[in-house]
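Peer 1: kindly return the folded structure for what I paste below:
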Amino acid sequence: MIIVRISGGLGNQMFQYALICALKKTYPDVLIKADITDYKKNYSHTGFVLEKYFNIQIPVADKNEIKKVYLAQDAFMRSDLTVGMGRFEKLFRHELDFYKRKKLGPYNITDFAFNVYNPEVFHLDPVINWYLNGYWQNVQYFDGLRQELPLFFSFRRKIPESVASLAVKMQQEESVAVHVRRGDYAKSGFDLCKKDYYMTAKKKIENRIKSPVYYFFSDDPRYVSRNFPEFEAQSVICHGDEECDLDMFLMTNCRHAINANSSFSFWGSALKRNPGLILYPEYSLNRRNIMYTGPAWKEWIRIDNLC
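Peer 2: The predicted structure follows:
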């Protein structure tokens, strides 16, 4: 059995599920399950939503199956639900370090530093039970499945008529999805896409495309309305956390895209069936003054977002 931990928001969950799909191709006779206990202790964004937004059904591992291969789960399960997140993270980190000292053994595989490919996941002994813990935000994990991604992530809900009509309009014009991630990014190590980045991307789009039509997608529409007057004929779209799949659906129907340093951005572009120009920020994370690049396909156009 292989157990893959699912955690984070929608975009992160999609990377983890894409890895599951790749593992199924590599190990067709091995049972692969998801560990979703992270959402029982640490409610992140809108919780576990893969099955809510997409036509996906994932076998879920129970506590006993997880404990066989992931010793740190004991520490996780013992934490008090009423403990503040700061204290809980400190406790969990301490106990996890303890288990690392005791050696978790060869059955626990993690991804490397942010967006660094770990090929070990495709060279596992299928007889052994494994636990995979990470975000797996590198396209090498599922590069061979690229054409199948829109099938793996087919939207579950019936798309409202107004949204479907807008999608048709987007397909008929030189539409550009512009993603501006704010919210939890506003004061984090991920907040690297300033206005200069979007203005540079705008110039590149307009040097190659006639009459682009900009559609902004953001969790902070007021910020967009105040800060991007240079983008003419723009629309600002925000369906909110509970209907963020509608935003992603519309992003996939835009011909072109200016991505933020966000996993949600990545998937809005990666699921396009006939993508045009995709521009993305070269750097996605600043951690202790070390810059990490974000996930992207080779033909996407990267922009230095630190200038």
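
Peer 1: surely residue 253 touches residue 170?
Peer 2: Yes - if you go by CB atoms under 8 Å, residue 253 and residue 170 touch, sitting 4.6 Å apart. C-beta coordinates here come from the backbone N, C-alpha and C atoms, glycine included.

Peer 1: who touches the host helix or strand of residue 280?
Peer 2: Element membership for residue 280, per DSSP states H and E: strand 278-281. Contact with strand 278-281 is made by 192-193, 197, 201, 204-205, 256-261, 265-266, 269, 272, 294, 296-297, 299-303, 305, as judged by CB atoms under 8 Å, 6 or more residues apart in numbering.

Peer 1: derive a PyMOL selection command for the buried subset of these.
Peer 2: Command for PyMOL that selects the buried part of the contacts of strand 278-281, burial taken from 16 or more other CB atoms under 10 Å:
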select buried, resi 192+193+197+201+205+256+257+258+259+260+261+265+266+269+272+294+296+300+303+305
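
Peer 1: so what pairs up with residue 280 in the strands?
Peer 2: residue 302 (DSSP bridges).

Peer 1: next, count neighbours for it.
Peer 2: By other CB atoms under 10 Å, the residues close to residue 280 number 28.

Peer 1: report the separation between it and residue 242.
Peer 2: 27 Å (CB to CB, to the nearest Å).

Peer 1: so where's the stretch 1-150 of the chain uncertain?
Peer 2: For the stretch 1-150 of the chain, the stretches flagged by pLDDT under 70 are 42-45, 71-106.

Peer 1: swap in 80 and give it another go.
Peer 2: Along the stretch 1-150 of the chain, segments meeting pLDDT under 80 span 41-46, 70-106, 112-114.

Peer 1: residue boundaries of the strands in it?
Peer 2: Listed in chain order, the strands of the stretch 1-150 of the chain (DSSP state E, counting those that start in this stretch) span residues 2-5, 32-35, 108-110, 130-133.

Peer 1: circling back: relative to the whole chain's centre, how far out is the strand holding residue 280?
Peer 2: 15 Å (CA atoms, centre = their mean, to the nearest Å).
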